[in-house]
Each structure stands twice: as structure tokens, then as C-alpha cells.
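Participant: everything below, folded, please.
(2 chains, ligands or ions: 2)
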Protein chains: 2
Amino acid sequence: MADSEPLLSLDGSPVAAETLLREVFGIVVDEVIRKGTCASEKVCEWKEPEELKQLLDLELRSQGESQEQILERCRAVIQYSVKTCHPRFFNQLFSGLDPHALAGRIVTESLNTSQYTYEIAPVFVLMEEEVLKKLRALVGWSSGDGVFCPGGSISNMYAMNLARYQRYPDCKQRGLRALPPLALFTSQECHYSIKKSAAFLGLGTDSVRVVKADERGKMIPEDLERQISLAEVEGAVPFLVSATSGTTVLGAFDPLEAIADVCQRHGLWLHVDNLLKHCHGSQASYLFQQDKFYDVALDTGDKVVQCGRRVDCLKLWLMWKAQGGQGLERRVDQAFALARYLVEEIKKREGFELVMEPEFVNVCFWFVPPSLRGKQESPDYSERLAKVAPVLKERMVKKGSMMIGYQPHGTRGNFFRMVVANPALTQSDIDFLLNELEQLGQDL
Amino acid sequence: MADSEPLLSLDGSPVAAETLLREVFGIVVDEVIRKGTCASEKVCEWKEPEELKQLLDLELRSQGESQEQILERCRAVIQYSVKTCHPRFFNQLFSGLDPHALAGRIVTESLNTSQYTYEIAPVFVLMEEEVLKKLRALVGWSSGDGVFCPGGSISNMYAMNLARYQRYPDCKQRGLRALPPLALFTSQECHYSIKKSAAFLGLGTDSVRVVKADERGKMIPEDLERQISLAEVEGAVPFLVSATSGTTVLGAFDPLEAIADVCQRHGLWLHVDNLLKHCHGSQASYLFQQDKFYDVALDTGDKVVQCGRRVDCLKLWLMWKAQGGQGLERRVDQAFALARYLVEEIKKREGFELVMEPEFVNVCFWFVPPSLRGKQESPDYSERLAKVAPVLKERMVKKGSMMIGYQPHGTRGNFFRMVVANPALTQSDIDFLLNELEQLGQDL
Ligand SMILES: Cc1ncc(COP(=O)(O)O)c(C=O)c1O
Ligand SMILES: Cc1ncc(COP(=O)(O)O)c(C=O)c1O
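Facilitator: Ligands and ions are numbered 1, 2, ... in the order given. This is a model prediction of the structure:
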């Protein structure tokens, strides 16, 4: 029976809700914002999966838990999670803790709305428009359209779907079987999401024609030309070139001007604008009613392939408001300067070898342990060098001193990739990175 | 030049970060958790888009702003946003504020990691596994696989892609042109994302065969049979039936047992298990290195079409831990009881007409204003009744007293849809809903 009091202690009790949230927020401040960003604390506390399962007691039971237990849970979750905000977390393309970005996310989460209609997201519909306009201006466009997507992979799917729709609007209704075989072009350095997208969109990975990159990882426009002709000879219709500005590993920038020339000559799309709503729209009558009392063009939900969509714009907007364009620019400059500092240090130090001069903030390098120094000529050098990074990685993670990613790449064996992304980094963090590798690898 | 101090005041300054975040959190507590959930406050503060733009001063400038200004920004964002946590927000399929869920999100956002590898998300990889296991158990499965997706639409795309892959694994590489024409089946009551998915995946909306639903909105298995035969006669290969448990508007449940029988007879997939990694995997060598020092089966990122993926499991896990299975069950029971109370009240009151007896927590009804009562027989009755909901909607939003959605549906003109979802609701909120509609519409 429904009675006039809410059944559960916290439901409908803002005071109890407030108490819980204040406690949790206090834990976040202590454990993430203070300890998590403190260089003398561990970046991670490694546990084997089985042990971690025990420690976390993940099982969901029939009986609920007390507030004290729930706070203990939050502490444990934070304790065993990797601190991506730590000044020695270099493992991914992202790192650091931007307080304005986090503030934006806390506000977003507490308001917990969806971006589909002006009705329930008036502030965010207008805000997204403004942020997207500024982002377009950064690349020199004075008009256009856009949406925030849940990540780069899904953005790549959008690009592919728009390019396809632009060429063959019929595809939306009749499907790919009504079209000639299609071909799209991207370089061997592209992110793997391009192939994932081609598979997901029904094109098949075979439709992705891989264009050669030069030794710096940049798409070779002449090879693009060649691949386009080849595809045409084979009976496929080229429809899209997917270039990359800042590849995942090497941080290389494809030569956009030259690629754009090729696209123009062949009528291919390098970028697609103003198609989102036609391509994805479905005019759901329960959501996008035309008899609303405001301008329904503000119900932008039909531009996306999702229905409900979380608010992504506030985080960036608040950061941008706080830092200003100047502040963000300074961050970029500082990241480049620190990447340069790292490169110079690598060149100075024995035992470090640069994979190549970086053009972006990705710095790729090998650590050559004492036993391999001066052995470049021995036949198993590369093979032995490739085994170094996994060993150092295991050691640093188990020690918790730092995290940095490694990978093989083409014919090159495992090397480290440092991406200077955290605006809180200083030269001393860079020094630490190199010193720590030396120390971890001194017996190898 | 990189120097050894971070350039920007907040970067690398945990104290400043903490101060900002404490202030913002304080605003969230005051404006969202207290005021936002308070019945005597407005659920929304309607502004015309142009006016709202002025009020918010959205423009992003070159110059950054002071902390005081940023806090003012946060206050304004909250002030003009719809309070989806308000006890009179009935506009969507979601509403209310669950403090454990919000606590989970605050922790997730502060840890800001991605779910792709065990290396950087050890806690969440194991936690997602546990939550998914429990969710499978709820539907009676003792094994299986799964992922959290960014919403229902993308989940539907996954289902479609998996069903396609299961039938024709070749499609991943060779694309849809290498396959016979495919057909999938869903009812006329399905969510619009099914058609969006078919378009996005290259199948085309024509491949979606719409099966009739009965007057309660449930798929008719006999018509499914008919549609399958028809598709086969037309040379298409049926591969998937997409049923709905709880349709968007009416809250209807398709008869799964009978549909499963049809699927079995025709070899169609109603559900697909253990295919995620084969279907979506791309074995990116820079992320899913096989020479890692732990069991790489824990790097679950290759199950999804994304690369980076936000952590979604903590929110649900923490709620579940706190409430226990029992507590969640009680919430469901309470929602059903309140929906029942609403139905009984609608039947008792003059001027309210139920669209149909609900089977779920969606209660669909018309408000019949005084001037239309007893006029059911007049020829323009339906047409005039359909105009009532938009007028009441405008009035309630401009007043800020509550928000409830309306839509036309099939041959029925606009009616209200109340979804009892907020566990904080009581009978008095339901009474308020009906009283307020009466008051807003007394002159119509
Ligand atoms: C039955 C059904 N399926 C799918 C969706 C889409 O979910 P999302 O909004 O998360 O994309 C909805 C949304 O209302 C729905 O009602
Ligand atoms: C160049 C490039 N594109 C796309 C992606 C995929 O982005 P996401 O992880 O958000 O899906 C990445 C991720 O690293 C990337 O480096």
C-alpha cells in the first residue's frame, strides 16, 4: 500500500540525503583532491583481481547497509582506484584534475537531466550551442552544426554516417544493399575506432582502405591518390577520407591541406556539415511534439543517435569561463614546453632513446637498461629491448610510484609513450619520470 | 618556457581546488538538494530562449573569470535548470534524487577514469562484472556477458549488431553487401531508437518490419508470424525480434513467452549472449597488450564500440549496496501502489479519463476541461480535447508548479503520461498533480 510517508529512510528526506552527500564529499576531498594529487602518495595500490574482490566485498545482497558501511565502501573504492589526477599518472591521453571541470560535472550530475529538449534542458541546450560555436571558431569555421558525443569512437561513427548520408541519403531508409560498394580512406596510424565504426555501420572493415604514412606517422597524400584510384578500379565508390590530427601513439598530424586537395579533386568528404538532424532524425511524436509553446528547433535531441543524452557541455564551458581562452592557450603552450624539456632531457641522459622528434605532446622513447647499452648491433637487441617496458611497468605499478603506458608500434618493439596533458605538471615531475625509470631498471 | 611552478593559480594547487569545490558543493546542497527537492519551490523557472541567453551570459571570452564570478555562474545554471529531482517533476521516465546514486556519481567523476583496462580501472572492472551478474540473475540467467552502454538507444544498436554478427560473422569484415537482405521485427509500440539503429547500422529503416500491437500496446505473436512469412516470401532473411518490456508511452509488456516460441520456430534471436568481444573487438595493440603482467581477460574495453568509456556501474552498485535487493523491491512495490492510487483517483474525479488500465507505472489519462464534459458525442470532441494538454503544459511550466509530459499516440489525441518513478513521491504529490490540472484548466 502506498501511504503518505516515503518508505525508505533517505527517500524524500533532504536532510538525510544532505548528510550522506556531505560525508561522501568530505571523503572525496580528503582522498582524491588532497591525497590523490599529492606526489608523495601512491598513484595506485595494485592488488591481484582475486584479492581485490575479497577486499571490496562486491556482492550485492538482499539486505541494505548502514550509512557508516556505505561511507567505508566509498573509501575502499577510492583507495584501490588508480589516481588519474596524480602528478605521476602518465598512462593515458588524459590526466590531472581540473577543479572547474569537476565542479561542472558535480553540478551536471546533481541536476541529472537529459539534453534532448529545451523543455527539460533550457540552460544546456543554449550552452552547448555556444560551446560548439566557439569550438568551430577555433578551427576557422563561421557556421556549422555539431553535438557532443560519448567519446571519440562514437564521434568517428557519426562522421562516417554523415558522409554516407550526404552521398546517399537513401541509405537511411533502404540500407547499404541499395548502394554500390563504398570505400573510405584513413592512414595506417588512425585510431582503431575507424575500423570498429566501419564494422558497426555495416560497411565492413574491408571498406577501410589503409593509406601509407611516412616515417613520422603522417598520411602520404600521394598514396591516398593511389588508393582512391585502386578502389575505383575495383568498383568501389570512395566517399570519405578520415584524417587524424594528433594520432594516438605518435601524436602525428596528417597534412590536411594536401588531403583536402585530393578530396576536392575526387569529390570526397573530409568534413560534413549541417546534416545531423536529417541523418539521425526520427521525429518521435512523444518527445518532439510540434504543438509545443516554444521554438521546437531548440529540441536538439533528434541530431543524435541516442535518445537520452547526458549533459557534456557544462564541464568545458565552466573551465573555459574560468580560464578564459588565454588561460587555455597558456596551458597548451606550457604542455608543449614541458614536452620539449622532456625531449632535451632524454637526449642528455644515457640509457634513453627517442623514437622520434615529437611534433605534439606525445613523447615516445625507449629506456635502454645498463645491460643493453652499446649493444645496438647485437642481433637480439630489439627483441630484448621490447621486453624491458613490460617489466618496468609491472615494477612501477606494484610499487605504486607512477604509471606510464607502453606499446609496440609497426616494426618497433615496446616503447614508452608520455603524453604531457596534466596542466599541474612541472619539470620536477618530468625529472621524476626519468629518474624513476632509471632506478626501476638499473638491474636489467 | 616551462618553469618549475605551475602557471595557473588553480593548476596543481589542491588547496585552491578544494576551496572552489567546497563552495560549488555548498551551492549544490542549497540549491539542488534542499530547494530543488522542496515541494513549495518551483520545479522550473521558465525563460524564453533569448532572455535566458542574456541572463546566462554564455559567451566564452579570452579573459578568465574570478572565483566569485564562477560561483555566480554555477548558481545561475542551477537556477534556470529544470529540477528533475523535484517532487512535481513528472515529465520524463526518470525523476527524483537518489543520494546514493548521486554520491556514486560524485566519486566516479572525481576519480575520472575510463573503463577499458583493469590497469586503470581495477575496482570498476570487477564491480561491473558483479552488477551485470546480479542484473542477469534478475531475469533468470545464470551465465552470460554484458556491458553498460550510454543509454537505451545505443543498447538497442548493440543488440542489433550482435544478432547480425551471430548470424553472419562475415559482416564485420565484408559488410552488409555480402549478405542477403535482412529483416528484423518489432512492434508498432517500440521505441524510435530501433529504426534509428537500423539506419545507423546500414540495414536501413525498411528492414524494420512493424508488427501489430493489441489495444493494450502488446506485440501480437500471430502478426509476428505473419510478418516473418511475408518477409521470407519477399526474399529477406529474418534475423532478430526486438521485443519491449515496458513501452515508452503506455508501459506495455510484449508477451515474451509466445514471442520466444515464434523465434525458436524460425531460428531468430530474441537475445544474444557471449558475443560482445568477437563482434566488437579490434585488439588494439597500444591498449590491449598481451604481454601485460596480469590476466588480460580483465581488459574488457574490447567488448564495446567505444574506446574510452565512462564508469557507469558505481552509481547502481552503491545504491544497491545501500538499499539492498529488498529496499529496491520495496521501491518497485511502492511505485506500483502509487500508480494504482492515481488510477483510482482518476476514476473518482470528474474531468479525468483514463486512456487504459495500466499494467506498469505509466498512467495515461486525459484531463477533460469543464467546457468539454459530457460532450463526448460532439464531432469535434477529440480535436478539441487534443488541444487541452499543450495549453495546460504551457501554463504549468510558466507558473513553475509542475511538469508532466503529453503526447498523441496512434489515433488518440494528446494525453498526459504520468510515470511513477521517484521513490520520494507520496499520495499528496499525486493529489497535487490532479488538483493542479483541475485548477490550471478550470476556465477551459
Ligand atoms: C523502451 C525504450 N527503449 C529505448 C529508449 C532509449 O533510451 P535512451 O534515451 O537511453 O537512449 C527509451 C527511452 O525512453 C525507451 O523508452
Ligand atoms: C585519435 C583518436 N581517435 C579516437 C579515439 C577514441 O576516443 P574514445 O576513447 O573517446 O572512444 C582515440 C582514443 O584514444 C584517439 O586517440
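
Participant: how about stretch A:338-355 against chain B, any contact?
Facilitator: Yes: Stretch A:338-355 lies within reach of chain B by C-beta under 8 Å from any C-beta of the partner chain, at A:338, A:340-341. In this view, the C-beta of every residue, glycine as well, is placed from N, C-alpha and C.

Participant: so which of those comes closest to A:Lys398?
Facilitator: A:Leu338 (27.2 Å; C-beta to C-beta).

Participant: residues contacting that closest one?
Facilitator: A:361, A:420, A:425-427, A:430, B:2 (C-beta atoms under 8 Å, 6 or more residues apart in numbering or on different chains).

Participant: could you dump the residues of stretch A:338-355 next to chain B to CSV with secondary structure?
Facilitator: Converted to CSV, the residues of stretch A:338-355 next to chain B look like this (DSSP: H, G, I helix; E, B strand; the rest coil):
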residue, secondary structure
A:Leu338, helix
A:Arg340, helix
A:Tyr341, helix
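
Participant: out of the residues you listed, which is nearest to ligand 1?
Facilitator: Comparing the residues of stretch A:338-355 next to chain B against ligand 1 with C-beta to the nearest ligand atom places A:Leu338 closest, at 40.2 Å.

Participant: now the helix or strand containing A:Thr19 - C-alpha only, CSV.
Facilitator: Using DSSP states H and E, the element containing A:Thr19 is helix A:14-28. Extracted as CSV, the C-alpha positions of helix A:14-28 are listed here (Å, rounded to 0.1, in the frame of the first residue of the first chain):
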residue,chain,number,x,y,z
PRO,A,14,16.7,16.0,2.0
VAL,A,15,18.3,16.2,5.4
ALA,A,16,19.4,12.6,5.4
ALA,A,17,20.5,13.0,1.7
GLU,A,18,22.5,16.1,2.6
THR,A,19,24.2,14.4,5.5
LEU,A,20,25.2,11.4,3.3
LEU,A,21,26.4,13.6,0.5
ARG,A,22,28.4,15.9,2.8
GLU,A,23,30.2,12.8,4.2
VAL,A,24,30.9,11.4,0.8
PHE,A,25,32.1,14.8,-0.5
GLY,A,26,34.4,15.0,2.5
ILE,A,27,35.9,11.7,1.6
VAL,A,28,36.4,12.8,-2.0
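
Participant: would you turn the residues of stretch A:338-355 next to chain B into TSV with distance to B:Ile27 and pLDDT?
Facilitator: Listed next are the residues of stretch A:338-355 next to chain B as TSV, based on distance: C-beta to C-beta, whole Å; pLDDT from 0 to 100:
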residue	distance to B:Ile27	pLDDT
A:Leu338	34	97
A:Arg340	40	98
A:Tyr341	39	98
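
Participant: quick one: buried residues of the helix or strand harbouring A:Met160?
Facilitator: According to DSSP H and E, A:Met160 maps onto helix A:152-167. Buried positions in helix A:152-167, judged by neighbour count with 16 or more other C-beta atoms under 10 Å in any protein chain shown: A:153-167.

Participant: what of stretch A:206-218?
Facilitator: Buried residues in stretch A:206-218 (16+ other C-beta under 10 Å): A:206-211, A:213, A:217-218.

Participant: wait, which of those residues is closest to A:Leu318?
Facilitator: A:Gly217 (34.2 Å).

Participant: for the closest one, give its distance to ligand 1.
Facilitator: As for A:Gly217, its distance to ligand 1 is 36 Å (criterion: C-beta to the nearest ligand atom, to the nearest Å).

Participant: A:Leu287 is in contact with A:Gly301, isn't it?
Facilitator: Yes: A:Leu287 is within contact range of A:Gly301, at 6.6 Å (criterion: C-beta atoms under 8 Å).
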